[in-house]
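Q: No letters, just coordinates:
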Ligand SMILES: C=C1C[C@]23C[C@H]1CC[C@H]2[C@]1(C)CCC[C@@](C)(C(=O)O)[C@H]1[C@@H]3C(=O)O
Ligand SMILES: O=C(O)CCC(=O)C(=O)O
Ligand SMILES: [Fe+2]
């Protein structure tokens, strides 16, 4: 029996964030200047129902997944780890990963060396300026993309392709874009991406076991992934209660492995409340994204989160966004679809969802539902056969 894909009608979203093609906002996010500014430019002010306000969020105890237990081969420890990750992903899609085996010096270097780039003059940083529609390069608060509710942050994103013949692309990016003196930075983030790739594929095995499908199903799906490493730099803000470092959103990607520095700021929306996910040394925060939610037929949740800023010190985070190869069709394994669990989302390929978030829709908590509608309206252009 053909199981129709059932898309729940998207919640009417009066806040729909069409990315208008209006001229870029006039404001320039020059952080050495703006970090001392007590009059926050209006473009960075968030509406009352979204701004963080002066209240500290209650801490959220994120479930802890011990990768040493998962790797131990001890059936009881493995089963317990799978149960923990399954419960976490079915509820809110967030979990901590400890004993991950990633070199702690690589993590501390990765965060510390961000300063070598972000503390440069804006004119130099803009040598890597990200172009509209592209998802790599330097972006300062997205003044070129959005006209309101600008995030108080600068980002440098680059592509990591796990395909063998382009496994060095990150290293070259830095040298080519920023010059020979940044070649070592490229090597550092290349090593960082390689470590993230290994961990991400291992976590997809854990997710497969949690979902009760073949252990290798998802790790094979992501073997030749085409992912994104993003450096987030949040300068201090004199009125942190009025703005946001990163607005409320669900990651449209598949799986995010986030390394925070020692400064709090990440918050997740759980049980109708913003809750703080404070930094835990040597632990990654991992969360399910929209693409994996579709791949799990909605069983694992891609949940809303945001980042707040503070008025004293910069906050830094490094996000590895696992994304499938452009030719992979995002469709749940047959074990997860049946008469009582109809397919929730249409099949798609990642480049279509990425294009949607870069050119047509600002990622929020309804991205996937609106994308599904948009996809069906544009079926000829973005059919998975393309
Ligand atoms: C594919 C991506 C788009 C964003 C970076 C990665 C995964 C997360 C997305 C993002 C962070 C969600 C919130 C809005 C956004 C514009 C941002 O604040 O950076 C998003 C990123 C983007 O579109 O550049
Ligand atoms: O910086 C953070 O803590 C979160 C950033 C984030 O959610 C993102 O870049 O998608
Ligand atoms: Fe995110």
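A: Thanks, I have the structure now. These numbers come from a predicted model, not from an experiment. Ligands and ions are numbered 1, 2, ... in the order given.
Q: Report the secondary structure state of residue 229.
A: Following DSSP: H, G, I helix; E, B strand; the rest coil, residue 229 is assigned to strand.
Q: hang on, it packs against residue 191?
A: No: at 11.2 Å, residue 229 and residue 191 do not qualify as touching, with contact defined as C-beta atoms under 8 Å. From N, CA and C alone the C-beta is placed, and that goes for glycine too.
Q: Compare the two and say which is more crowded by neighbours.
A: Per other C-beta atoms under 10 Å, whichever of residue 229 and residue 191 has more neighbours is residue 229, with 23 against 16.
Q: Just the pLDDT for the more buried one.
A: Looking at residue 229, its pLDDT reads 95.
Q: Can you name the residues that contact it?
A: 157-158, 160, 170, 189, 192-193, 196, 318-321 (C-beta atoms under 8 Å, 6 or more residues apart in numbering).
Q: And it, how far from residue 321?
A: Per C-beta to C-beta, to the nearest Å, residue 229 is found 8 Å from residue 321.
Q: Kindly report the same for residue 73.
A: 30 Å.
Q: And these two? Which one has more around it.
A: More neighbours surround residue 321 than the other of residue 73 and residue 321, with 24 against 8 (other C-beta under 10 Å).
Q: Please pull up the helix or strand immediately following the helix or strand where the more buried one lies.
A: Using DSSP states H and E, residue 321 maps to strand 315-322. Counting by DSSP H and E, the next helix or strand C-terminal to strand 315-322 is strand 329-330.
Q: what helices or strands is that next one leaning on?
A: helix 290-295, strand 348-349 (3 or more C-beta pairs under 8 Å, 6 or more residues apart in numbering; DSSP states H and E).
Q: looking at those, which is buried most?
A: Burial of the helices and strands packed on strand 329-330 is given as mean neighbour count (mean count of other C-beta atoms under 10 Å); helix 290-295 ranks first at a mean of 27.
Q: what about that one, near ligand 1?
A: No: Helix 290-295 stays clear of ligand 1 (C-beta under 6 Å from any ligand atom), getting no nearer than 9.3 Å.
Q: for that helix, packing partners?
A: Here helix 290-295 touches strand 329-330, helix 350-355, helix 367-377, going by 3+ C-beta pairs under 8 Å, 6+ apart.
Q: how about 6 Å then?
A: Here helix 290-295 touches strand 329-330, going by 3 or more C-beta pairs under 6 Å, 6 or more residues apart in numbering; DSSP states H and E.
Q: Next, see if the strand holding residue 321 gets close to ligand 1.
A: Yes: under the criterion of C-beta under 6 Å from any ligand atom, ligand 1 is reached by strand 315-322 at residue 321.
Q: Which strands border that strand, and is each parallel or antiparallel?
A: Its sheet considered, strand 315-322 pairs with strand 226-234 (antiparallel), strand 255-260 (antiparallel) by DSSP bridges.
Q: pLDDT of that strand, averaged?
A: 98.
Q: Give the buried residues for that strand.
A: Across strand 315-322, burial judged by 16 or more other C-beta atoms under 10 Å covers 315-322.
Q: Stretch 73-92 now?
A: Buried positions in stretch 73-92, judged by neighbour count with 16+ other C-beta under 10 Å: 78, 81-82, 84-86, 88-89, 92.
Q: with those residues in mind, which one is nearest to ligand 2?
A: Closest approach between those and ligand 2, by C-beta to the nearest ligand atom: residue 92, at 14.1 Å.
Q: these two touch, right, the closest one and residue 303?
A: Yes: Residue 92 is within contact range of residue 303, at 4.9 Å (criterion: C-beta atoms under 6 Å).
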